[in-house]
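*Asks:* Below: sequence and its predicted model.
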Amino acid sequence: MKPMERFALFIALPLLMTGCGRKGALMYPDMLVPEAPTIIDARQSGTAVRLEFALPEKNRVGGVMPPISGVRISKRARNTDHESFCRSCTTGYQLFQRIYSDALPPSVQRNGKQLVVIDEEVTSGFTYSYNLVPFMADGVEGAAAEIGEMPVVPSRAAPVVTLELTPTEISLHVTTLPSSAETVVGFNLYRSTADQSRSSLPLNKEPCTGGEYHDTAVERGMTYRYVVRMVFRGKDGHLVESLPSPEVRGTLKEDND
């Protein structure tokens, strides 16, 4: 083969190879890892911080993956009054929890595809940031989700709750003394049955207002347990839940009572 023919073949082969198969953007390995968890809610609840999030079901380009094995949660604390703190820095995080989906610890509750994590290792006067990273069974980690700058303030007093029972509903009456430094948004209602552990997720999607809640989604003969937390909005805009009210229990009245 002549030199010019060899040169032409050298140029043509790569062109032929790139023209074969399905065309499209190159797929890099780091795009096949799990996407970041979806943050649903993060707020102070009494003396703790409650994190609610959903683990991903797809990779970073939208492809379906095997189930996520768990999530690694790291957190960072700073003194709220420390003005020289670097908010954009990624240093200072320490491992808080490594949660496996098939063996949830008592501090974690599952609600369908969502997980609720209660962090009781927080202190008033400090601000906390969280970093959530999903991982697969082979140890491959996905994209991180960030929960930044959550100040923890002194806990707010629990409300007073009374029940009114009728044959068709259980009514709750809630009273509280609002803080002069905060705005009362409403209250969150936590309900469970007698044989369930106390729920970490409120029954209502948005804070209830008006001081009353009429629970009609109840069954006759079933005993229900209720706990209420007031919801305040601080001057910095963050929502804060109060301490929990004493638990109250109720059952629908019989028609002849």
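*Replies:* Alright, I've got the coordinates. Note that the structure is a prediction, hence the values are computed from the model and not measured. Numbers count the residues shown, from 1 in each chain.

*Asks:* Every contact and neighbour count from this point should use C-alpha atoms.
*Replies:* Fine.

*Asks:* Look up the residues forming beta bridges with the residue positioned nearest the centre of the chain.
*Replies:* Centroid-nearest residue in the chain, with Cα atoms, centre = their mean: Glu52, separated by 1.2 Å. Bridge pairing for Glu52 (DSSP bridges) gives the partners Asp41, Val116.

*Asks:* Can you tell me how far it is from Thr183?
*Replies:* 23 Å (Cα to Cα, to the nearest Å).

*Asks:* ok, now Arg249?
*Replies:* From Arg249 across to Thr183, the span is 29 Å (Cα to Cα).

*Asks:* what do you get for Ser200?
*Replies:* 23 Å.

*Asks:* The nearest residue to Pro167 once chain neighbours are set aside: what's it in contact with?
*Replies:* Residue nearest to Pro167 in three dimensions, not counting chain neighbours: Lys253, with 4.5 Å by Cα to Cα, 6 or more residues apart in numbering. Contacts for Lys253 (Cα atoms under 8 Å, 6 or more residues apart in numbering) come out as Leu165, Thr166, Pro167, Thr168.

*Asks:* looking at this protein, which helix or strand is least sure?
*Replies:* Sorting the helices and strands of the chain by mean pLDDT, DSSP states H and E puts helix 3-18 at the bottom, at a mean of 44.

*Asks:* picking up where we left off before, so the residue nearest to the centre of the chain sits right up against Ala42, yeah?
*Replies:* Yes - between Glu52 and Ala42 there is a contact at 6.2 Å, judged by Cα atoms under 8 Å.

*Asks:* Give me the neighbour count for Gly62.
*Replies:* By the criterion of other Cα atoms under 10 Å, Gly62 has 12 neighbours.

*Asks:* who's in contact with Ser200?
*Replies:* Applying Cα under 8 Å, 6+ apart, the residues contacting Ser200 are Gln109, Val116, Tyr190.

*Asks:* rerun that using 7 Å as the cut-off
*Replies:* Contacts of Ser200 were listed using Cα atoms under 7 Å, 6 or more residues apart in numbering, and they are Val116.

*Asks:* Please state the backbone phi and psi of it?
*Replies:* Main-chain dihedrals, Ser200, degrees, to the nearest 10: phi -100, psi 0.

*Asks:* ok, now how distant is it from Ser45?
*Replies:* Per Cα to Cα, Ser200 is found 10 Å from Ser45.

*Asks:* Output the below-cut-off pLDDT ranges for the stretch 101-250 of the chain.
*Replies:* Counting by pLDDT under 70, the stretch 101-250 of the chain shows low-confidence ranges at 178-181.

*Asks:* quick one: the closest residue in space to Glu120 that isn't next to it in sequence from Pro151, how far?
*Replies:* Nearest residue to Glu120, sequence neighbours excluded (Cα to Cα, 6+ apart): Ala48, at 4.5 Å. Noted for Ala48: a distance of 11 Å to Pro151, by Cα to Cα.

*Asks:* When these two are compared, which one has more neighbours?
*Replies:* A direct count of neighbours by other Cα under 10 Å for Ala48 and Pro151 places Pro151 higher, at 23 against 19.
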